[in-house]
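**Student:** No sequence on hand, only this structure:
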């Protein structure tokens, strides 16, 4: 297990070095995306003025308060509560995010599936696990909301966050085909028969 | 007792905000218990962060989780309580909308087909308002539950048949906990409904999922099932966040209802570790907040 800090944007080589179990703290810029953002980008042809190349996207829809734009709140939004949502719903968007926008890292909770693992292997990406439901803590890692695009989808806008010490995050899936989620699921499937037998279920 | 509807509106607002910020004591105790029993280093470190987050939320007066959920209000009306039921529902909806606007809170509610968000945390038939009656004298309680979507998406119904017996119930629960994995934000409370009609069965599962830890199913057979299933799901190794460990669920809770001779329904509704709820009790003495 390695502990490291990654400043974004990062390179493919940086990401290919990551192995499941490593702990990564992010610095710089993160982009927040979610179901509606992705549906509009990939199913409805919407485009963004943001350059996501070699960046990390966070599965989120933050609570933010509209305020007059200032140096502290350049986008006119003050962060209230920024946390992470379940990634599994967004499985089919990993490959297009990487192929068309050059995204390198997906940050989420609960993990992604085999299609994502394959995209990570083919294109050089990794999944970083935030601990879901710990948004009060996560919010303290967000310095400010720097910009926002596709804001008609609010709160499912495309958010640009400036972060400081975002993590440590656990590498849950890497570019070498490893997935902690698949390992745990495999183990649970192996233990299923014994669990059922222990409570009197006749096989 | 005549219910003051202005107080109901204000309380409906307060309860939503309070539920989002302060975890009930039984859940905090549940975390301590799971942490003490966790042997997996990853699981242990995740539980530590979850416990830290509870403290940060209280210290910074912030929400525990960014998901403001689907707002649910469970109203229980006791004896000798005088209230205009329609106006009561209106007051609750207004309180819910005011919490969203005035705090402000992220509105997580959209039209189911157009997906348009009106930014009010309300919409057609939302907030969910369940009304029931109790034998308590001059007492009205409102329980508020912001039900997170990650765990609500972990909802499953099976209309099993009598020939499949109780084995079908047990197998279904274990299989759905495996299928849900880390997506439902474990450690969870696994709510199980047994019996009734299809809709009642799922409602029972929701009651079970949102019951306080330490409470037991009133039906003896249901209580036995709770113990067996709690043990079984915690032997699977799914662990906190589905990243491995002992702490897959705080508990499995079961609620039962009589059912038809041809039916054997089972439903699963899961509550995430951010198992939020807040309660207000109205009596002639005033309003008391609790969990």
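**Tutor:** Sure thing, it's come through. Fair warning: this is a prediction, and the values are worked out from it, not measured in the lab. Numbers count the residues shown, from 1 in each chain, chains lettered A, B, ... in the order given.
**Student:** For the longest strand belonging to chain A, name the packing helices and strands.
**Tutor:** Secondary structure of chain A read by DSSP state E shows that its longest strand is strand A:158-173. Applying 3 or more C-beta pairs under 8 Å, 6 or more residues apart in numbering or on different chains; DSSP states H and E, we find strand A:158-173 packed against strand A:23-33, helix A:114-123, strand A:126-129, strand A:142-149, helix A:180-198. (C-beta placed from N, C-alpha, C; glycine too.)
**Student:** Just send those back as a markdown table, with distance to chain B and mean pLDDT too.
**Tutor:** Converted to a markdown table, those look like this (distance: least, C-beta to the nearest C-beta, whole Å; pLDDT from 0 to 100):
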| stretch | distance to chain B | mean pLDDT |
| --- | --- | --- |
| strand A:23-33 | 9 | 98 |
| helix A:114-123 | 14 | 98 |
| strand A:126-129 | 7 | 98 |
| strand A:142-149 | 11 | 98 |
| helix A:180-198 | 4 | 98 |
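**Student:** deepest of the ones you listed, which one?
**Tutor:** strand A:126-129 (a mean of 27; mean count of other C-beta atoms under 10 Å in any protein chain shown).
**Student:** So which residues on the stretch 151-291 of chain B come close to chain A?
**Tutor:** Contact residues, the stretch 151-291 of chain B versus chain A (C-beta under 8 Å from any C-beta of the partner chain): B:153, B:167, B:170-171, B:174-175, B:178, B:181-185, B:228-229, B:231-233, B:235-244, B:272-274.
**Student:** of these, buried ones?
**Tutor:** Buried by 16 or more other C-beta atoms under 10 Å in any protein chain shown: B:170-171, B:174-175, B:178, B:181-185, B:228-229, B:232-233, B:235-244, B:272-274, out of those.
**Student:** So what's the residue count around residue B:81?
**Tutor:** 19 (other C-beta atoms under 10 Å in any protein chain shown).
**Student:** Show me the helices in the stretch 151-291 of chain B, by range?
**Tutor:** Under the criterion DSSP state H, counting those that start in this stretch, helices of the stretch 151-291 of chain B are mapped to B:165-180, B:198-209, B:220-233.
**Student:** Take the helices and strands packed on strand A:158-173 and lay them out in TSV including distance to residue B:202.
**Tutor:** Shown next, in TSV, are the helices and strands packed on strand A:158-173 (distance: least, C-beta to C-beta, whole Å):
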stretch	distance to residue B:202
strand A:23-33	31
helix A:114-123	30
strand A:126-129	30
strand A:142-149	37
helix A:180-198	23
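**Student:** list the contacts for the residue lying closest to residue A:33 once chain neighbours are set aside?
**Tutor:** Sequence neighbours aside, residue A:57 is the residue nearest to residue A:33 in space, at 4.9 Å (criterion: C-beta to C-beta, 6 or more residues apart in numbering or on different chains). Residue A:57 is in contact with A:30, A:31, A:32, A:33, A:97, A:103, A:105, A:106, A:107, counting by C-beta atoms under 8 Å, 6 or more residues apart in numbering or on different chains.
**Student:** at 7 Å instead, please
**Tutor:** By C-beta atoms under 7 Å, 6 or more residues apart in numbering or on different chains, the contact list for residue A:57 reads A:31, A:33, A:97, A:103, A:106, A:107.
**Student:** Likewise for residue B:96?
**Tutor:** B:12, B:16, B:71, B:121, B:122, B:127.
**Student:** So the last one sits against residue B:93, correct?
**Tutor:** Yes. Checked against C-beta atoms under 7 Å, the pair residue B:127 and residue B:93 is within contact range at 6.3 Å.
**Student:** Could you check which of these two is surrounded by more residues?
**Tutor:** Relative neighbour count places residue B:127 above the other of residue B:127 and residue B:93, with 23 against 20, counting by other C-beta under 10 Å.
**Student:** picking up where we left off before, is the residue nearest to residue A:33 within a helix or a strand, and which one?
**Tutor:** strand A:56-59 (DSSP states H and E).
**Student:** what about that strand, average pLDDT?
**Tutor:** What strand A:56-59 shows for mean pLDDT is 98.
**Student:** now the end-to-end length of stretch A:28-37.
**Tutor:** 22 Å (C-alpha to C-alpha, to the nearest Å).
**Student:** Report the two of the contacts of residue A:57 separated the most.
**Tutor:** The largest separation in those, counting by C-beta to C-beta, is between A:97 and A:107 at 12.2 Å.
**Student:** that older thread, wait, which of the contacts of residue B:96 is closest to chain A?
**Tutor:** Closest approach between these and chain A, by C-beta to the nearest C-beta: residue B:121, at 11.5 Å.
**Student:** contacting residues for residue A:128?
**Tutor:** Contacts were defined as C-beta under 7 Å, 6+ apart; by that measure residue A:128 touches A:24, A:105, A:107, A:169, A:171, A:172.
**Student:** what's the closest of the residues you listed to chain B?
**Tutor:** For the contacts of residue A:128, the closest approach to chain B (C-beta to the nearest C-beta) belongs to residue A:172, at 6.9 Å.
**Student:** From residue A:107, how far off is the closest one?
**Tutor:** Taking C-beta to C-beta, to the nearest Å as the measure, residue A:172 falls 10 Å from residue A:107.
**Student:** Residue A:19 too?
**Tutor:** Distance from residue A:19 to residue A:107, by C-beta to C-beta: 17 Å.
**Student:** Out of the contacts of residue B:96, the closest to residue B:149 would be?
**Tutor:** residue B:71 (12.0 Å).
**Student:** what number of residues lie near that closest one?
**Tutor:** Neighbours of residue B:71 (other C-beta under 10 Å): 31.
**Student:** swap in residue B:149?
**Tutor:** Neighbours of residue B:149 (other C-beta under 10 Å): 16.
**Student:** Just the pLDDT at it, thanks.
**Tutor:** Note on residue B:149: pLDDT of 96.
**Student:** residues in contact with it?
**Tutor:** For residue B:149, the contacting residues are B:67, B:69, B:108, by C-beta under 7 Å, 6+ apart.
**Student:** Right, I'll call it a day here.
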